[in-house]
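# I would like to see how this sequence folds:
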Amino acid sequence: MDIDKFDSQKNEMSSIESLLDQFEQAGHEAPNGDKIWFARDLQTLLGYQKWDKFEQVIERAKTACATAGHPIENHFQEVFPQAGKNPKGGRPSKDFELDRYASYLIAQNASSSLRQVAFAQTYFAIQTRRQELADQDGVDFDTLSENQKRLYLRNQVVAENKRLASAAKAAGVQTGQDFGKFQNKGYQGLYGGRGVGEIRQYKSLPGKANILDHMGSTELAANLFRITQTEEKLRSKNIIGKEHACNAHYEVGLKVRETMKELSGIMPEDLPVAESVKKIAAAERKQQRMRAIPAPARIEQPSVAPKEAGPVEIDLTKDLWKYALLIMSVRPDGVITTSELIDEIPKFVKLSDDHTATNESRKDSKFSQIVRNLKSHKTSKSNFIYQGYAEDVKGGFKITDKGIEFVWSYFKE
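Numbers count the residues shown, from 1 in each chain. Next up is the predicted model:
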């Protein structure tokens with residue numbers, strides 16, 4: 001690669017990160033714990049030189065807020081942060097205290113010709129959405145695993161697509177053929193002119209595969225952004241006519257694509273193809289069912305088991321790991337410490353006197369040592385951690401999706 005070009009790209013990414021940091025640092029913590037911004041700070045960050053020009057943007061944002069059915073006063077508060085006279089002369093400087101939603105609307109209504117505006121639109125859209133997740137569902141998005149993010153975002157896409165369909169219908173998109181064209185236009189904007197069929201072919205997906213089901217969290221987030229922003233544009237701009245609606249969808253998709261190019265340089269069609277989210281959903285449902293059933297009820301009783309329900313006899317050396325997985329599977333987070341596992345296993349497995357007798361040299365029982373070996377022998381090819389059924393975590397173990405699948409198939413009712 002040309003050194004000058006590399007340095008230019010490096011400096012570009014550095015400036016992008018710096019700009020996004022500035023938006024974050026410009027916010028202030030409100031007494032209720034939410035974040036607020038002052039309009040004068042946003043004016044500078046968005047590249048507006050004159051207040052009167054920026055105040056026009058604020059007025060458009062307030063109109064959009066009212067059109068969306070939200071009370072303006074809940075999001076825009078006129079303030080005079082400096083008491084007394086304006087140090088530059090005249091009346092005190094007019095300003096607005098803005099919540100995240102108001103800031104988002106201002107970014108959406110600012111001039112797209114200003115480079116900073118594109119970053120602001122992305123920043124506030126992402127942060128507003130994350131705040132909604134936390135408020136509505138108690139979801140801390142940053143703590144979710146990749147599969148959990150995919151599953152959550154996929155469900156959000158389904159819900160938001162319904163809202164988009166409603167807005168499109170109101171704009172004049174009526175027939176099934178109309179909706180097909182409308183949806184394709186959004187994809188074409190985001191994927192460099194490719195519609196659903198071309199995207200499927202480009203990513204080497206099966207002919208009937210739903211492309212959304214094979215997207216990672218980054219790609220799903222980009223499409224969720226496309227969907228929500230198109231719905232917002234159709235309603236706030238009062239767009240009428242199916243051709244105008246299709247054009248709006250294409251324009252939003254293209255804007256999201258340009259933003260991705262600016263921020264990461266990776267286009268959505270080049271993001272990795274993921275395993276079908278339907279498989280993840282099925283595994284999640286199985287896990288939920290597993291945790292809803294008391295553990296003893298799922299132990300497979302061997303043919304020599306006593307008639308009365310109780311601990312079963314097993315070969316500890318060969319089969320202890322299976323019951324360790326069973327116990328992990330019914331814990332809320334799938335995690336158990338080694339000492340907890342030593343306490344829990346005797347509730348399900350019969351131990352002989354030889355197993356429970358204390359070894360004087362070790363000051364530990366043979367059974368406890370067998371449990372500890374589950375962790376200390378993790379590099380052995382026959383060990384359940386090595387084979388991917390559990391993870392080695394600090395002080396204990398955590399069951400994996402593969403472990404959950406095994407428990408479900410092995411411990412049948």
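
# and stretch 98-112, how far from the chain's centre?
23 Å (C-alpha atoms, centre = their mean, to the nearest Å).

# which helix or strand contains residue 386?
Under DSSP states H and E, no helix or strand contains residue 386.

# just give the number of residues close to it.
Using other C-beta atoms under 10 Å, residue 386 has 14 neighbouring residues. The way it works is simple: take the backbone N, C-alpha and C, and place the C-beta from them, glycine included.

# do the same with residue 248
By other C-beta under 10 Å, 24 other residues sit near residue 248.

# surely it is in a helix?
Yes - using DSSP: H, G, I helix; E, B strand; the rest coil, the secondary structure at residue 248 is a helix.

# look up how far residue 226 lies from it.
As for residue 248, its distance to residue 226 is 11 Å (criterion: C-beta to C-beta, to the nearest Å).

# can you pull the contacts of residue 277?
Residue 277 makes contacts with 150-151, 154, 212-215, as judged by C-beta atoms under 8 Å, 6 or more residues apart in numbering.

# now swap in residue 272 and tell me
residue 216.

# before we move on, the earlier item: what is the nearest of the contacts of residue 277 to residue 343?
The closest of those to residue 343 turns out to be residue 151 (C-beta to C-beta; 33.2 Å).

# pretty sure the closest one is in contact with residue 279, am I right?
No - with contact defined as C-beta atoms under 8 Å, residue 151 and residue 279 do not form a contacting pair (10.5 Å).

# these two: which is more packed in?
A direct count of neighbours by other C-beta under 10 Å for residue 151 and residue 279 places residue 151 higher, at 20 against 12.

# follow-up on the earlier one: in a markdown table, list the contacts of residue 277 along with secondary structure.
Converted to a markdown table, those look like this (three-state DSSP):
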| residue | secondary structure |
| --- | --- |
| 150 | helix |
| 151 | helix |
| 154 | helix |
| 212 | helix |
| 213 | helix |
| 214 | helix |
| 215 | strand |
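
# Throw those residues into JSON lines and include distance to residue 104 and pLDDT, thanks.
Formatted as JSON lines, these follow (distance: C-beta to C-beta, whole Å; pLDDT from 0 to 100):
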{"residue": "150", "distance to residue 104": "24", "pLDDT": "87"}
{"residue": "151", "distance to residue 104": "25", "pLDDT": "84"}
{"residue": "154", "distance to residue 104": "23", "pLDDT": "88"}
{"residue": "212", "distance to residue 104": "24", "pLDDT": "95"}
{"residue": "213", "distance to residue 104": "29", "pLDDT": "94"}
{"residue": "214", "distance to residue 104": "30", "pLDDT": "95"}
{"residue": "215", "distance to residue 104": "24", "pLDDT": "95"}
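
# out of those residues, what pair is the most spread apart?
151 and 214 (13.3 Å).

# the residue nearest to the spatial centre of the chain - nearest residue in space that isn't next to it in sequence?
The residue lying closest to the centre of the chain (C-alpha atoms, centre = their mean) is residue 149, at 3.5 Å. What sits nearest to residue 149 in space, not counting adjacent residues and going by C-beta to C-beta, 6 or more residues apart in numbering, is residue 217, at 3.9 Å.

# ok, now residue 107?
Here the residue nearest residue 107, using C-beta to C-beta, 6+ apart, is residue 120, at 4.0 Å.

# tell me which element that neighbour falls in.
helix 115-137.

# average pLDDT across that helix?
The average pLDDT for helix 115-137 rounds to 62.

# next one: stretch 335-346
90.

# pLDDT below threshold where in the stretch 101-250 of the chain?
112, 115, 118-119, 121-143 (pLDDT under 70).

# can you do 80?
108, 112-144 (pLDDT under 80).

# can you map out the strands along it?
Here the stretch 101-250 of the chain has no strands by DSSP state E, counting those that start in this stretch.

# surely residue 103 touches residue 45?
No - counting by C-beta under 8 Å, residue 103 does not reach residue 45; the two are 10.0 Å apart.

# who has more neighbours out of the two?
residue 103 (31 against 20).

# distance of the more buried one from residue 116?
For residue 103, the distance to residue 116 - C-beta to C-beta - is 13 Å.

# residue 194 now?
Distance from residue 194 to residue 116, by C-beta to C-beta: 29 Å.

# now do residue 387
Taken as C-beta to C-beta, the span from residue 387 to residue 116 is 51 Å.

# counting neighbours, go ahead and name the busier of the two.
Neighbours were tallied for residue 387 and for residue 116 using other C-beta under 10 Å; the higher tally belongs to residue 116 (19 against 15).

# the more buried one against residue 44, yeah?
No - counting by C-beta under 8 Å, residue 116 stays clear of residue 44, with 9.4 Å between them.

# wait, residue 312 touches residue 349, no?
Yes - taking C-beta under 8 Å as the definition, residue 312 is a contact partner of residue 349 at 6.3 Å.

# which one of those two is surrounded by more residues?
Legend: neighbour count by other C-beta under 10 Å for residue 312 and residue 349, higher for residue 349 (22 against 18).

# and the more buried one, its phi and psi?
Backbone geometry at residue 349, expressed as degrees, to the nearest 10, gives phi -130, psi 130.

# likewise residue 99?
Per degrees, to the nearest 10, the backbone of residue 99 is at phi -80, psi -180.

# burial check on it, number of neighbours?
Counted with other C-beta under 10 Å, residue 99 comes out at 18.

# now do residue 34
Other residues close to residue 34 by other C-beta under 10 Å number 13.

# test my guess that it contacts residue 100.
Yes - here residue 34 reaches residue 100: they are 7.1 Å apart, a contact under C-beta under 8 Å.

# do I have it right that residue 220 meets residue 157?
Yes - counting by C-beta under 8 Å, residue 220 touches residue 157, with 6.3 Å between them.
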